[in-house]
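> sequence first, then the predicted structure, then my questions.
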Amino acid sequence: MNAPAYNFAYLDEQTKRMIRRAILKAIAIPGYQVPFASREMPMPYGWGTGGVQVTAAILGPDDKLKVIDQGSDDTTNAISIRKFFAKTAGVATTTATEDATVIQTRHRIPETTLGAGQVLVYQVPIPEPLRYLEPRETETRRMHALAEYGLMHVKLYEDIARFGHIATAYAYPVKVNARYVMDPSPTPKFDNPKMDNCAALQLFGAGREKRIYAIPPYTQVVSLDFEDHPFEPYRYNAPCALCGADNSYLDEIVTDDKGGRMFVCSDTDFCEGRQADGHHGSLSAAPYKEKAQQQETSNG
Amino acid sequence: MTTIAELPPGFADKVLSAQSTFRSVMDAMARPGSVRRIAPVAGTPGPMMRGTAAIALTLFDHDTPLWLDARLRESPDVLKWLKFHTGAPVVQDSSVVSFALIADGAALPPLERFALGSNEYPDRSATVILQVESLSDGCAYELRGPGIDGTAAFQAAIKPADLFERLRINEALFPRGIDVVLVADATVVAIPRTTRLVTKGSQ
């Protein structure tokens, strides 16, 4: 039998309605985590089941989907989710940030500034920023209701007392529209400023924890800090070894067992785009490609 | 008596029409004051507008209690159509509903009567779908708030004329509150609870 086995974009219509209603309330109450009846997806928790459900609920046949995993279009998680939607929804996919209408991301925000026609969907493991400080859901819910966020400041203060600076490097808490403290998902704090006043709609889906939340476009997002210890985005002080960019977030790559390492852009599309524009770093990828081509010719 | 077979139809393509309608409503909610068009066509029972019918088919089901204003409630077609196509229960108690449909804005009840959510669960609040005369001509409104780059201007002929004065309850109640979707024929404008009126022009 050749009948299609799944509904468009995998989820059934009743599930999509429920998720869509949650998304609308999430947009109306920026930063508030809306509970939703998360479904079991054909991938394990931790692989983006929340993000996938949000994407499935918004995706249409005219959309162009990009999926990144820690900035990269080419990792297992990104490729499998991209293929999942190419198969179940038949949507066009792309790796170019500016061409995409829907971008699902795990733990990064693209370096390219997002536009008004785009939706950024985050995969979120633990949506509750207060969870490690207060394990009881009833209590954290009340703390959000009363905007009682002193505990979070104590946590940041303890960082300063212990390390001399705020040592939180990822999942750095933010306050959305001067009301809700929100977990930006485990993005590096380097990405936090990109959330503020962003032209694109940002949606967050946590599958295992069954929460959806959102930041509407052009909404104030402030990283929590202190007057005498202001928020500082962290970036390793080196240019990208491939494209020479000195303003992008870098991955450290171990190259041998003698301590050799290189730093390259975590956003692969951004890095490839710069290389195509003629930017080169200290370790251009070209010699390896040339070598591979030479081997091919000698073999052939 | 209308039989089921004589009822106005739902979407021709349930899946893609619902998706397209949702994206229009989502974009409207994300960018308050911007006018979005709902493209998919469905039957429109009684005094229900095209946009309202499409939103009903997209978002309503057995999990969403509805409240209808007198004009819609009095139309047997509307009740049957909603029951057949969405299965959503129509209830009398407006304080427990997910959605309220208003065809006659002049008779809009006080907004406090609708579900406002709780401080712990502000999402458990009503979305009021208010049919208005026009979202292109009429009084000029200027809005600000999340989703708006600076201010957003739009023109509309809205009844009740003091809608935005009434919506000021959202300022004191936040995070509780009422979200409003204005519908004129096939166009929508959303006014989520975070949106504030800056100026209102003359008619």
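Perfect, I can see it now.

> start to end distance for stretch A:144-152?
Start and end residues of stretch A:144-152 are separated by 12 Å (Cα to Cα, to the nearest Å).

> now do that stretch: everything it contacts.
A:32-33, A:129-130, A:133-134, A:142-143, A:173, A:175, A:179-181, A:224, B:118-120, B:175 (Cβ atoms under 8 Å, 6 or more residues apart in numbering or on different chains). (Each C-beta comes from the backbone N, C-alpha and C, glycine too.)

> so how far is chain B from A:Ser266?
Going from A:Ser266 to chain B by Cβ to the nearest Cβ, to the nearest Å gives 27 Å.

> wait, that residue sits on A:Tyr249?
Yes. With contacts counted by Cβ atoms under 8 Å, A:Ser266 reaches A:Tyr249, the gap being 4.9 Å.

> between these two, which contacts overlap?
Residues within reach of A:Ser266 and of A:Tyr249 at once, by Cβ under 8 Å, 6+ apart, are A:Gly71, A:Arg108.

> where does pLDDT dip in chain B?
B:1, B:203 (pLDDT under 70).

> residues from it in reach of chain A?
B:14-16, B:18-20, B:22-23, B:25-27, B:29-31, B:58-61, B:63-64, B:98, B:118-123, B:125, B:127, B:146-149, B:174-175, B:177, B:179, B:192-194 (Cβ under 8 Å from any Cβ of the partner chain).

> which residues touch residue 106?
Using chain A here. By Cβ under 8 Å, 6+ apart, the residues touching A:Arg106 are A:Gly48, A:Gly51, A:Ile68, A:Asp69, A:Gln70, A:Asn77, A:Ala78, A:Tyr122, A:Gln123.

> the intended chain is chain B.
B:Lys159, B:Pro160 are the contacts of B:Ala106 under Cβ under 8 Å, 6+ apart.

> now it: phi and psi?
When read as degrees, to the nearest 10, the backbone of B:Ala106 gives phi -60, psi -30.

> quickly list what B:Ala190 is bridged to.
Per DSSP bridges, the residues bridged to B:Ala190 are B:Val181.

> which elements pack onto the longest strand anywhere in chain B?
Counting residues, the longest strand in chain B under DSSP state E turns out to be strand B:134-144. In this structure, strand B:134-144 makes packing contacts with strand B:152-157, strand B:179-184, strand B:187-191, strand B:196-200, judged by 3 or more Cβ pairs under 8 Å, 6 or more residues apart in numbering or on different chains; DSSP states H and E.

> same list, these, but as a markdown table with mean neighbour count please.
Shown next, in a markdown table, are these (neighbours: other Cβ atoms under 10 Å in any protein chain shown):
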| stretch | mean neighbour count |
| --- | --- |
| strand B:152-157 | 17 |
| strand B:179-184 | 25 |
| strand B:187-191 | 26 |
| strand B:196-200 | 15 |
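
> what about A:Thr187, how many residues nearby?
A:Thr187 is flanked by 23 other residues according to other Cβ atoms under 10 Å in any protein chain shown.

> these two touch, right, it and A:Ala171?
Yes. Taking contacts as Cβ under 8 Å, A:Thr187 lies within contact range of A:Ala171: 7.3 Å.

> now do the buried residues in the top helix by length along chain B.
Longest helix in chain B by number of residues (criterion: DSSP state H): helix B:14-30. Buried residues in helix B:14-30, counting neighbours by 16 or more other Cβ atoms under 10 Å in any protein chain shown, are found at B:14-15, B:17-30.

> okay, angle between that helix and strand B:187-191 too, please.
For helix B:14-30 against strand B:187-191, the angle by axes from the mean of the first three to the mean of the last three Cα atoms, to 10 degrees is 50 degrees.

> contacts for the helix or strand following helix B:14-30, please.
Where DSSP states H and E defines the elements, the next helix or strand beyond helix B:14-30 is strand B:36-37. With Cβ under 8 Å, 6+ apart as the test, strand B:36-37 has contacts from B:Ser24, B:Val25, B:Asp27, B:Ala28, B:Ala186, B:Thr187, B:Val188, B:Val189.

> closest one to chain A out of the residues you listed, please.
Within the contacts of strand B:36-37, distances to chain A taken as Cβ to the nearest Cβ reach their minimum at B:Val25, with 6.8 Å.

> show me what contacts that closest one?
A:Leu24, B:Arg36, B:Ile38, B:Ile55, B:Thr58, B:Leu59, B:Val181, B:Val188, B:Ala190.
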